[in-house]
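Colleague: sequence and predicted structure below; questions after.
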Amino acid sequence: MHAAQSSRYGDNVAGVLGLPDHVSACLFDLDGVLTPTAVIHNKAWTATFDEFLRARGLPGFDPVHDYNDYVDGKPREAGVRDFLSSRGISLPEGTADDPPDAQTVNGLGNRKNVLLLKLLEQGGLEPYPSSAEYLRRAKEVGLRRAVVSSSANTLQVITSTGLDQYLEARVDGVTIRERGLKGKPAPDTFLEAARELGVEPARAAVFEDALAGVAAGRAGGFFVVGVDRVGGDHAEDLRRSGADVVVPDLGQLLEERS
Ligand SMILES: O=P(O)(O)OC[C@H]1O[C@@H](O)[C@H](O)[C@@H](O)[C@@H]1O
């Protein structure tokens, strides 16, 4: 059922989910929006960069500022490149099959992925309950739904948490590589998902917790919901990057209208 079709919610199907009436599709970031995996990525990055920096006698990785400003939301290799460049360090790119101990952008990214997969294998990963409920209701009222993440591990996370049953399209780190898309903060991944769903960007909402992701949604002409689970200056930073509204959790959007 599509938003345009009548339902027991009448014409205002987006309104029951706390969205503007013209919205007919939802494009969700994954890590930190649907699942608590932003914390896991952050841990893996911190361990990877700390090891690299300390071996050179340099100050460690700041899991708040360095992560939010240079790494969060971007494809893996861009995260390595942008963080190192903030410290004036440049490494050769290497290639995708570099071993995890290679001193290259790909090597460092692969090292982080080994650590991330170990953490994911510990199991027990559940979606944020309010995000699962939001997806369920979005499906029920007939909004179109996609996940748009820079992570190449998206499929594993959405299937192991059961979120795949609510999602109609996936644009992720694998798609980015296969289709040669520009990663966030470029709008291309969100535009690709909107295209797959057959929805104009002006009629879709992006849900993002990362500054790069909010900037991407803004650049694509989407309605942008910023999700602040971090506190401090993050809500203000999300607004400054282009969020139309900022909520601490998707549950707030459900509460507003239920
Ligand atoms: O290394 P992966 O799983 O491909 O993820 C790439 C990026 O995906 C993003 O969703 C995360 O916010 C980043 O922290 C992560 O680095």
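Modeller: That came through fine.
Colleague: helix or strand right after the strand or helix carrying Arg145?
Modeller: Here Arg145, judged by DSSP states H and E, is contained in strand 144-148. Counting by DSSP H and E, the next helix or strand C-terminal to strand 144-148 is helix 154-160.
Colleague: quick revisit: please state the offset of the strand holding Arg145 from the chain centre?
Modeller: 11 Å (C-alpha atoms, centre = their mean, to the nearest Å).
Colleague: who are the packing partners of that strand?
Modeller: With contacts taken as 3 or more C-beta pairs under 8 Å, 6 or more residues apart in numbering; DSSP states H and E, strand 144-148 sits against strand 25-28, helix 129-141, strand 169-171, helix 188-197. Heads up, the C-betas are built off the backbone N, CA and C, glycines and all.
Colleague: most packed of these?
Modeller: strand 25-28 (a mean of 28; mean count of other C-beta atoms under 10 Å).
Colleague: got the contact list for the very next helix or strand once past that one?
Modeller: Going down the chain from strand 25-28, the next helix or strand is helix 37-54, by DSSP H and E. By C-beta atoms under 8 Å, 6 or more residues apart in numbering, the surrounding residues in contact with helix 37-54 are 30-32, 59-61, 63, 66-67, 71-72, 79, 83, 87, 108, 111-113, 115-116, 119-120, 125, 151, 157, 209-210, 229.
Colleague: same check, this time on stretch 242-258
Modeller: Residues contacting stretch 242-258 (C-beta under 8 Å, 6+ apart): 15-19, 33, 128-131, 133-134, 137, 207-208, 214-215, 217-219, 223-229, 235, 238-239.
Colleague: how about 6 Å then?
Modeller: 16-18, 130-131, 134, 214-215, 218, 223-226, 228, 235, 238-239 (C-beta atoms under 6 Å, 6 or more residues apart in numbering).
Colleague: before we move on, back to that, would you turn the helices and strands packed on strand 144-148 into a markdown table with mean pLDDT and distance to Gly180?
Modeller: Formatted as a markdown table, the helices and strands packed on strand 144-148 follow (pLDDT from 0 to 100; distance: least, C-beta to C-beta, whole Å):
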| stretch | mean pLDDT | distance to Gly180 |
| --- | --- | --- |
| strand 25-28 | 98 | 20 |
| helix 129-141 | 97 | 29 |
| strand 169-171 | 98 | 13 |
| helix 188-197 | 98 | 10 |
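Colleague: can I get those in JSON lines including distance to the ligand?
Modeller: Below are the helices and strands packed on strand 144-148 laid out as JSON lines (distance: least, C-beta to the nearest ligand atom, whole Å):
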{"stretch": "strand 25-28", "distance to the ligand": "11"}
{"stretch": "helix 129-141", "distance to the ligand": "14"}
{"stretch": "strand 169-171", "distance to the ligand": "12"}
{"stretch": "helix 188-197", "distance to the ligand": "11"}
